[in-house]
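# here is my input, please return the structure:
(2 chains, ligands or ions: 1)
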Amino acid sequence: MSASLLDHDPVLTPAQVEFRRQVRAFFAEDRVRELAEEIAGYPVGTEAALLPVYRWLGERGWLAPNWPVEYGGAGLGAVEAAIVTEEMTLAGIPDDVHVLSIDIVGLFLLLKGTEQQKRAHLPALAAGERIATVLFTEPEAGSDLAALRTRAVRDGDGWRLSGSKVYNMKSQYGDVALCAARTSDSPVGMHGITLFLLPLRSPGVHVEPVPSYANDRFNLVVIDGVRLTEADVIGRVDDGWALMNEMLQLERTGIDFHAKARRLLDLVLRRAAETGRLADPAYAIPLAELDAKLRAGHALAWQMVRDLGEHNPDPVASAMSKWYVTELFQPILTAAADIDGMDALLTAWDGDAPALGQLEAGYRFGPSHRLASGTSEVMLMLIATNGLGLL
Amino acid sequence: MTAVAELFHPDLNPTLRRLGERPRGAGRAGPSEEDRQVRESVWATLAELDGLRGPGLLDTAELMGPGLYQSPFLDTVFAAELLAADGRFGAELDRIAAGELTLAVAMREHGTDEPDQPAALTVARDRVTGVRRFVAFAAEVDHLLVVGGQEPVLALVPVRQRGVRTRRQDDLGRGDLYEVVLTGARARLLTSGGHYATALANARLRLAAHLAGIARGAVELSAAHLKDRRAFGAPLARQQVLAHRLAALAARTTAVLTFARTAARAAGTGADVRLPAAQALFLAADLAREAAAEAVHLHGARGLTEECDASVFHRRAAVTALTLGTPAGLRRLAATLLANAHTV
Ligand SMILES: Cc1cc2nc3c(=O)[nH]c(=O)nc-3n(C[C@H](O)[C@H](O)[C@H](O)COP(=O)(O)OP(=O)(O)OC[C@H]3O[C@@H](n4cnc5c(N)ncnc54)[C@H](O)[C@@H]3O)c2cc1C
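Next up, the predicted model:
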């Protein structure tokens, strides 16, 4: 279903259409399909880290296709990057490491890093050989990130970093993290925040699991007086807040969230066809509505990608795109329960589960999309204030 | 506070929510010995309070919601109604009321089967053969009430016998759902198959009340968290948008519970409540799942942790919501019943 939808994207250039064809052929290779099945059946506690498929993509410059060739990319644009993201998720390959390492930390470095920082990290990230993670959230600072307490104090010509970061993902596999810390006190919380590159395997960094009920765990990272140098600062000292807002908006097109929702809905549609329920209006009509909404979400997400490609991103519309599509997860997952009944509740570890237990796993992961990468309320706030002049 | 309300006191809820919980992918593992004992003592107290029969069953089901109390309660009272309709099971009914006999109702072969159309069952004299899945507490109860076929056969099957094999299913709720294979299992056949649709409607009303109780628990948990969690210099409870969302869920919960109670009262006077029962159940199923998802959301990332009870609400509400039919199946049933009631 989604294949035909994507094939008729009217605004792709012939070269981009050809790129999509090649990327899709890559994800259809046996080795990739086998890996996707293996991941769906991972034992409890195993999660995706440096998957071989990232390396295979990296070999072609496709893990970060929009980066310059000299840093391991393919010298292409935002459209090609979105194509890889979309095809990866539709093929059932988890993209969390990709989002964290390439779309967030890598992009920060590419746009704001020093030449030395870029050379030190970008090629390894783009090759799929290194993981970078994000350390923003703290126990008492989530939506209200300006309340963060992790502190970097001057120590000779460098800094000493201390604090606790929580709900971050993949840090147990990470080599380096983008870490937000307070460098100056100010009555306004947003002032005096600086971004650092923190080597995660330093002796003063302790990574502890915070078990989640989804398949992938969270981490608590305790940073205990780790010494950093000027070379570890990204951007300017005390200028982290503006940088974070600028960069997180660039990452936000909704394309990754859309692809996850589409993959789930396609699984549900396939099950509806297999069980005969797609021919029954009682089941088919709600699915038709969800499909319509998801196509609207797809159109909007792609508009965001094109705007980004033309260096003309629209932060209000990007917030709309992220909000719109992530609100669809819960109805898609309840539709799955209507189609497969109690079978939809069986885990991958049961053996009898339809669709390799991905509906059950999807249910557990469902609420996370409205929280991650800016909560629904943060998106609505952006739309209400910057878009409508309210509040 | 009634005695049953005392038993399901809010202070006990955090303990009740975790009873019988298995780790993910635990396979056949039973509940821990300690959990089993706590469950048994809650059950015994419920029986002592005469909470396993009589007009208060729907309210008891609601009271069990906030603690997500997992037990054979809903199935046992459903089966008891069918035993009572048969007329020959006075001794068994006394033992049920005394907390000495528990039952599981087994009507599905596949997860997609709807309880209004029970799966096929082969009956040869006093022996039954077939497969039933998603049977609650099948390995712990004394008897299964196996429902089979369109004009349903009702077979009372003792669990502990050679012809009955059970396997725990690994599900989102991580609780006690079982696959049961019956191979020429000894059974007593009931004569009350004609009462099945009525008993199912009554069971649906109790389940709707239970789901309303789950929604209430999820709302209360979220409200407590919003009062506690500070952001932007004030408790999150001060954010009107969040407060209003919980208020709307509370209003829906009250409406659905009152609907179920009113229909149950009508059923007590002999009214046909198949339509309101189906309606109350799909409303309650949607509500409980939404309230649970909202609880996770309002807890932020913490809501996604194993440690946070919001995650237990989210998992369990999804399972409980489907036990007596999917919302889509119930909507279709309600549409058919409405059409029948409005022929021109
Ligand atoms: C899957 C997932 C992955 C994540 N990965 C990372 C990571 O890698 N690194 C990292 O640093 N962080 C990560 N996070 C954390 C994420 O950034 C935070 O969850 C998010 O910022 C919200 O903060 P919180 O969880 O503390 O919720 P809180 O801020 O406590 O908010 C609780 C609820 O209240 C709402 N709320 C808060 N303030 C307001 C308001 N003013 N008005 C209305 N509603 C409000 C929120 O939207 C939320 O629903 C991840 C989260 C998830 C779910």
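
# what about the strands in the chain?
Reading this off chain A. Per DSSP state E, chain A has strands spanning A:132-135, A:151-155, A:158-168, A:176-182, A:193-199, A:205-210, A:218-229, A:233-234. These are given in chain order.

# hmm, no, I was thinking of chain B.
Chain-ordered strands for chain B, with DSSP E as the definition, fall at B:103-106, B:122-124, B:127-136, B:143-148, B:153-158, B:164-168, B:177-186, B:188-189, B:230-231, B:234-235.

# columns distance to the ligand and mean pLDDT on top of the strands of chain A, output as CSV?
All C-beta atoms are positioned from the backbone trio N, CA, C, and that covers glycine. Converted to CSV, those look like this (distance: least, Cβ to the nearest ligand atom, whole Å; pLDDT from 0 to 100):
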stretch, distance to the ligand, mean pLDDT
strand A:132-135, 4, 98
strand A:151-155, 16, 97
strand A:158-168, 4, 98
strand A:176-182, 8, 98
strand A:193-199, 12, 98
strand A:205-210, 11, 98
strand A:218-229, 7, 98
strand A:233-234, 15, 98
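
# can you check which of the ones you listed gets nearest to A:Leu388?
Using Cβ to Cβ as the measure, strand A:193-199 is the one of these that comes nearest A:Leu388, at 28.1 Å.

# deepest-packed of the strands of chain B, please.
strand B:103-106 (a mean of 28; mean count of other Cβ atoms under 10 Å in any protein chain shown).

# then it to PDB, C-alphas only?
Extracted C-alpha coordinates of strand B:103-106, given in PDB (Å, rounded to 0.1, in the frame of the first residue of the first chain):
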ATOM      1  CA  LEU B 103     -14.700 -20.900  37.400                       C
ATOM      2  CA  ALA B 104     -13.400 -19.600  34.100                       C
ATOM      3  CA  VAL B 105     -15.600 -19.000  31.100                       C
ATOM      4  CA  ALA B 106     -14.100 -20.400  27.900                       C
END
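
# how about that strand and chain A, touching?
No - between strand B:103-106 and chain A, judged by Cβ under 8 Å from any Cβ of the partner chain, nothing touches; the nearest distance is 12.7 Å.

# would you agree B:Thr112 is in contact with A:Thr275?
Yes - using Cβ atoms under 8 Å as the test, B:Thr112 is close enough to A:Thr275 to be in contact (6.0 Å).

# tell me which of the strands of chain A sits most buried.
Counting by mean count of other Cβ under 10 Å, strand A:132-135 has the highest mean neighbour count of these, with a mean of 27.

# centre of the chain to it, how far?
In terms of Cα atoms, centre = their mean, to the nearest Å, the centre of strand A:132-135 is found 12 Å from the chain centre.

# contact partners for residue 103?
As the question left the chain open, I've gone with chain A. Neighbouring residues of A:Asp103 by Cβ atoms under 8 Å, 6 or more residues apart in numbering or on different chains: A:Ala81, A:Thr85, A:Glu251, A:Asp256.

# that answer is for a different chain, and I need it for chain B
B:Pro72, B:Asp75, B:Thr76, B:Ala79, B:Ala80, B:Ile96, B:Val141, B:Asp142, B:His143, B:Leu144, B:Leu145.

# 7 Å instead, please
Contact partners of B:Leu103, counting by Cβ atoms under 7 Å, 6 or more residues apart in numbering or on different chains, are B:Pro72, B:Asp75, B:Thr76, B:Ala79, B:Val141, B:Asp142, B:His143, B:Leu144, B:Leu145.

# returning to that earlier point: and the strands of chain A: which comes nearest B:Val4?
Among the strands of chain A, strand A:205-210 comes nearest to B:Val4, with 37.0 Å by Cβ to Cβ.

# quick check: B:Leu16 touching B:Gly67?
Yes - using Cβ atoms under 7 Å as the test, B:Leu16 is close enough to B:Gly67 to be in contact (3.4 Å).

# coming back round to it: of the contacts of A:Asp103, which is the nearest to A:Pro199?
Nearest to A:Pro199 among those, counting by Cβ to Cβ, is A:Glu251 at 22.9 Å.

# skip the chain neighbours and tell me the closest residue to that closest one.
Nearest in space to A:Glu251, with sequence neighbours left out and distances taken as Cβ to Cβ, 6 or more residues apart in numbering or on different chains, is A:Asp103 at 5.1 Å.

# neighbours of the residue of the stretch 101-250 of chain B found nearest chain A, how many?
Proximity to chain A, evaluated over the stretch 101-250 of chain B using Cβ to the nearest Cβ, is greatest for B:Gly111 at 3.0 Å. B:Gly111 has 22 neighbours, counted by other Cβ atoms under 10 Å in any protein chain shown.

# much appreciated, bye for now.
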